[in-house]
Structures are given as C-alpha cells and as structure tokens.
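Q: Starting from these lines, generate the structure:
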Amino acid sequence: MTLSHRWTAIAVAASVLSLAAPPVLSQSRVVAPAQRGTAGPETPYLVAATFLSSDRKLGVQAAEEVRHRLQSDYTAKDLFVVTEATIRATLLASGYAPDSALGEADLMVLAKQLRGEYVIDGTTSKAGSGVRMETRLLMSLNQTTLAQPLPAADGKDAGDAAKMVGRSISEALKGMPMFRKCIADLRASKPDDAITSARAAIAAYPGSVLSRICLLNAYTNKKESPDSIISVATQILTYDPKSTLALTNLIDAYDAKGDKDKATEAVYRLYRADPSNQANAKLLANRLGSADPVKALAIVDTLLANNPGDAEIIRTKWKLQLAARRFKDAIATGEELVKLDTAAATLDFYQRQIGAAQSDSNAAKVQELAAKASQRFPKSNFTLLVAQSYYKNGQLQQALDAARRAAAADPKNLDAWKFIVATQSDLHRPDSVLVAGKDAIAAGVPRDSVGALLLGRVVGPAIAAAQTSHARADWETALKAAQTVDAIASSAQSNFYIGVAAFQVATDILGALDPLTKSKKNEDHAQACTLAKQGEDYLATTSIAMPRGAQIDKETAGKILGGVGQYSDFIGQVKKAFCR
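A: Below you'll find the model as predicted:
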C-alpha cells in the first residue's frame, strides 16, 4: 500500500472512530475517558505517537507516559490529548503497525486526520541507568511544518522524564496565543504589530523559536537592518542549530553587510545541517569557488557520488578545477561535460579549455581543442589559434591554410591577414606577401593597417639588411620594396623609408662620382654623366617623399633634405662639366 493510499485509509478510520467516540460537543470531537472535562469547538488537539527508539517498547512507553502526563495536567477543554487507542486504531486501519514510530512528514499527516493542532515528535533512549527524551513540538502553518525544540529530559525512568517533557510543553504553550497573533499580524501586512506580538510571546515563553521565527519574518518584511536580523537569527540558532530559515536569513544579512567570511560560515552551517541537500551543497560550492576551490571540490565530489552523471554538478566541478589550477583534471572534466551535454560546448567553454591546455603547456591539446572549436565556431579566433599552433611548430603551409580559412570566414579580420602575410614571408614568397596585402584591402581591412603590416614584414627587414651591408644593391632593394608597399597603402612611414633608401643610393652614387671626375678618360667622363643623372633622380625621389616622411622623424628628415641640397649642387657641376 502506498503512502497516499495509507493516509486515505487513515481518513476513513478516523471517520469510523469518531462515530464510536464518547459524548462530545460540536464537530463530534473525541473525549478521552482518562482526561477531565470535554473538548470544545475551540479546543486544540495534541497528537503524541510512538517515539523513535532502538527499543520499540521504550518508544511506545515514552509516548504513553507523555500523553498521561499531559492528560493529567490539562482538562480536555484546554488541551485535548488524542488517546493511544485512537492513534493505534488509525495506524492499524491504514496498514501501519500500531506501534509505528513515524517520521515528521507522516506524523503531520496523521495529526491532520486526527484534528491535531500540535504534534510531539520524540526520540528516546536508555541513558545510563535512566531514560533520555528529546522532543519537539510541531505544528503546521500554510503547509509548512514549524518546529519548537524542547529541552532534553533525563529521568530515572520514562515516567520521570515524561514529567519534564510535560512541563516543557506547558511552558511552550504559554507563548502560543501571542505567536498566533503575530502570524495573523503578518498576514494582515502589519509588521509593527507582528513585532509587538512576537516580543510578547517571547516574554511569555523565553525559549520560543516559533515566536522568533515570526519576529524574523516581521523584520524581513520591514527591511530592518542586517544587524537586527542577525541578532534574531542567531537567537533562533541557539535553540535550533539546523534552522534553515535562520541560516538563510543570516547569509543574506551578512551579505548585505559585506561580511563574506561570516556569510560563507553560515552557508557551511546550512550545508552541514543537511549534507544531502543538493541546493545547499551547490550554494556552498559556489561560495567557495574563488575563495577555497579545493574545499569546494570535496563537496562537489560528494554530490557527484550521490548523483553520478549530473551535468550541472560536473560543470561546477570543471569551473572549480580551473579555479584551483588543476588544469589536466579540468580538461578531462570539461570533455566529460560536453559528452553529457553537447550544448555546454559554448564559445566560453572552448576558450577556458584552451586556456587550461595552454597553462598546462600541452601544445597538442591546444591544437586539438582549437581545431574542434574552429569547426563549431568558424567565425571565431579559434581558427587563428590553429594557425598559430601550426606556425609555432614550423608547419608553415598548414598555418597558411588555417589563416586563409579564418580570412574566408571573416574577411575583415586583420589578425588572419597578419598570419597570411607572415607565413608567406617566412616561405620566402615576397610577391605573395604583396598580393595578400592587396587582397586584404579589397576585403575591407583598413588600408593603413595593411600598410603597417606590409612595412613590418617587407620593408623593415629590407632596410635592416641594407643598414647592415651598406651595399647599394640592398638599398635599391629596400627602396623598391618601400615604393611597392607605398603604391598599395601609402603612409608617412612608407614615404620615410623611400626617402631614406633613395638618399642612401644617391649617396653611394655620389661616392662613386668623385674618382670619375678626376679621371682624364673620356669613358670615365661619360660614366660620370650617367651616374650624375641617376643620383639626381634618386635625390628627386628623396625630395618628393621626405617632406611627408618627416612626420615619422623630423630631425632625420631635415638632415637628409639638407644633404639633398648640397648633393644637388655637386651633381649640377658634374653634369655641366661632363654631360655635353
């Protein structure tokens, strides 16, 4: 028989029992012969079923002693204690053993069927030569079970311990009228009145957890200061260390104060109160994620042991491993995650996985992950990462192919064109480098960006080589490279390079002119005329380019242009003397 079927049977049993009950007032309320007086319409009912105990007989006896004590202390009109016979018959009718010790949820269902307003949830055990009873007073409010912990009772026997429990229950019931008023005030949206009622209830019963819960709710509704909420929540926890309501409010209050350490401590307490609660465990794991990922991982591993294959928990574990810098483990966990949840393979996922592989110095895994990512996100920079990986490994053609794919997916991606230019240059294909520059501009890449790229890859190295060798041929190569790039993407830098290279060629030519002008041979005079005209052309190139190039280096440009004037005079004299 299922639980729901059992409690349907309980309802029927309760109905049958009410027909056979002693005389009652309205609503056919049961009157127990052992209790003085008669229950009235407003009389609260109390249910005390068998206590939980390793010794079932002791559990039965403990509950009976508590019932007898309360029946003796209260008239049926003030508090009606549901009899053992009624409880046993109801349980038996529902398929339970009549001496069953029920859990909290089943106790509350039983109480509802027996009109129980209050429920005693008890545990009992042998303690040395005596008996120990640990009890709570339960009640239902809006389908929520509220618990009032009662002091533990140690007696020489069950009857002696029951006397203490009875006194504790009597004390707890003193605050109930004002507690109920506090609840009514809350429902009426009167938090100030609720606070007053809660304080009156606490005055009537200083150990009242329920009244403090009502007070806490009133403070929350009024948005009282974090310190006020912390004070009440802390008081609740002194009586009920596992109070979820108190702990969650404590967390929020410490967060509001910016006290992360105490907030995290409260989350720890919430987790320890019920380690099987996944929501609390995840909350703690997330809290510890940045502060102490190693401890958080231990909690997550416990969660996974109870929930193997849970993608959400595995995702949390992956993030924590990254935070803990356990990169190998994180990569493996990430791969497990996307097998369980293919939607987890997002752009961010691959970026983190590749970052982990890079931090782990695992070039092969970087290349593998980047290749997978580039297939899934062709317009991302993952294809470039593949190109970079090939390039670092000296696989230039593969790097070029990957860079071309990146440029095809995103034609305006300057980085893709940088790789194309770089690999073509390293493959010693200068013409292909220049073609790539033209293609980049045609694709929409800014002309100045392409120009800078080509200058760096084509002209810069040529200038450096010429500066090292001082050979005219190298300066002529540098000049040609600068002029070619300038034709594709003219800039102040390209003009500066043109001016410098042309002036250096002219200087070298003028150096060769001097001995020719001193010769008496006609062929040397003809050669001097030819060189003078060539030098004049190079100086003209310098004069045209360098004014714009001065934006790059004004001082150098000024010196060169000054030299152009001096050399031009000399060339004019040579031409006049030898060019007839």
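Q: What segments of the protein are strands?
A: In the chain, the segments counted as strands under DSSP state E are 45-48, 80-81, 116-127, 130-141, 144-149, 153-155.
Q: hmm, who's touching the fifth one?
A: If you take CB atoms under 8 Å, 6 or more residues apart in numbering as the criterion, strand 144-149 is touched by 104-105, 108, 121, 136-140, 172, 208-210, 213, 239-240. The way it works is simple: take the backbone N, C-alpha and C, and place the C-beta from them, glycine included.
Q: Return the members of those residues classed as buried.
A: Applying 16 or more other CB atoms under 10 Å to the contacts of strand 144-149, the neighbour count classes 108, 121, 136-140, 172, 208-210, 213, 239-240 as buried.
Q: which among those residues gets closest to residue 549?
A: Residue 549 lies nearest to residue 213 out of the buried ones among the contacts of strand 144-149, by CB to CB, at 81.3 Å.
Q: which non-adjacent residue is nearest the closest one?
A: residue 245 (6.0 Å; CB to CB, 6 or more residues apart in numbering).
Q: Quick check, the one you found in contact with residue 236.
A: Yes. With contact defined as CB atoms under 8 Å, residue 245 counts as touching residue 236 (7.5 Å).
Q: okay, those two: which has more neighbours?
A: Set residue 245 next to residue 236 and count neighbours by other CB atoms under 10 Å: residue 236 wins out with 24 against 18.
Q: Look up the closest residue to the more buried one, ignoring the ones flanking it.
A: Using CB to CB, 6+ apart and skipping the chain neighbours, the partner closest in space to residue 236 is residue 246 (3.9 Å).
Q: And the lowest mean pLDDT element among the helices and strands of this protein?
A: Ranked by mean pLDDT, DSSP states H and E, the weakest helix or strand in the chain is helix 3-19, scoring a mean of 38.
Q: contacting residues for residue 56?
A: With the criterion set at CB under 8 Å, 6+ apart, residue 56 makes contact with 50, 99, 101.
Q: Report how many residues lie close to the closest residue to residue 447 other than its chain neighbours.
A: Spatial nearest neighbour of residue 447, chain neighbours left out: residue 489 (4.6 Å); criterion: CB to CB, 6+ apart. When neighbours are defined as other CB under 10 Å, residue 489 has 23 of them.
Q: ditto for residue 114
A: 23.
Q: Then residue 566?
A: Close neighbours of residue 566, defined as other CB under 10 Å, add up to 10.
Q: Which stretches in the stretch 301-450 of the chain count as helices?
A: Along the stretch 301-450 of the chain, counting by DSSP state H, counting those that start in this stretch, helices occupy 311-323, 327-340, 347-359, 363-376, 382-392, 396-409, 414-426, 430-443, 447-454.
Q: What of the stretch 51-200 of the chain?
A: 56-73, 84-93, 104-113, 158-174, 176-187, 191-204.
Q: Redo the ones you listed as CSV? Include mean pLDDT and distance to residue 261.
A: What follows is the helices of the stretch 51-200 of the chain, written out as CSV (pLDDT from 0 to 100; distance: least, CB to CB, whole Å):
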stretch, mean pLDDT, distance to residue 261
helix 56-73, 94, 43
helix 84-93, 91, 49
helix 104-113, 91, 33
helix 158-174, 95, 35
helix 176-187, 94, 32
helix 191-204, 95, 30
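Q: Residue 294 is nearest to which of those helices?
A: Checking the helices of the stretch 51-200 of the chain against residue 294 by CB to CB gives helix 104-113 as the closest, at 35.6 Å.
Q: from the chain's centre, how far out does that closest one sit?
A: Helix 104-113 sits 40 Å away from the centroid of its parent chain (CA atoms, centre = their mean, to the nearest Å).
Q: what's the angle from that helix to helix 84-93?
A: 110 degrees (axes from the mean of the first three to the mean of the last three CA atoms, to 10 degrees).
Q: Now do the contacts for the residue nearest to residue 213.
A: 213, 216, 236.
Q: In contact with residue 321, which residues are there?
A: 293, 297, 327, 329-330, 333.
Q: repeat that for 7 Å
A: Residue 321 makes contacts with 297, 329-330, 333, as judged by CB atoms under 7 Å, 6 or more residues apart in numbering.
Q: any idea how far residue 152 is from the closest residue to it other than its chain neighbours?
A: Among residues not flanking residue 321 along the chain, residue 330 sits closest, at 3.8 Å (CB to CB, 6+ apart). With distances taken as CB to CB, to the nearest Å, residue 330 is found 48 Å from residue 152.
Q: Please apply the same query to residue 356.
A: To residue 152, residue 356 is 52 Å away according to CB to CB.
Q: Tell me which of these two has more neighbours.
A: residue 356 (26 against 15).
Q: Stretch 337-345: end-to-end distance?
A: End-to-end distance of stretch 337-345: 8 Å, with CA to CA, to the nearest Å as the criterion.
Q: oh sorry, the question was meant for stretch 419-432
A: 13 Å.
Q: Buried residues, that stretch. List them.
A: By neighbour count on 16+ other CB under 10 Å, the buried set for stretch 419-432 is 419-425, 430, 432.
Q: quick one: contacts for residue 337?
A: Contact partners of residue 337, counting by CB under 7 Å, 6+ apart, are 311, 314-315, 318, 344.
Q: from those, which would you call buried?
A: 314-315, 318, 344.
Q: Quick check: of the residues you listed, which lies closest to residue 224?
A: Distances from residue 224 to the buried ones among the contacts of residue 337, taken by CB to CB, are shortest for residue 315, at 37.2 Å.
Q: so how far is residue 225 from the nearest residue to that closest one once chain neighbours are set aside?
A: Excluding the flanking residues, the one nearest residue 315 by CB to CB, 6+ apart is residue 337, at 5.7 Å. Note on residue 337: its distance to residue 225, by CB to CB, is 43 Å.
Q: what about residue 448, neighbour count?
A: 13.
Q: and it, what is it in contact with?
A: Contact analysis of residue 448 by CB under 7 Å, 6+ apart lists 489, 491.
Q: what's the pLDDT at it?
A: With respect to pLDDT, residue 448 scores 90.
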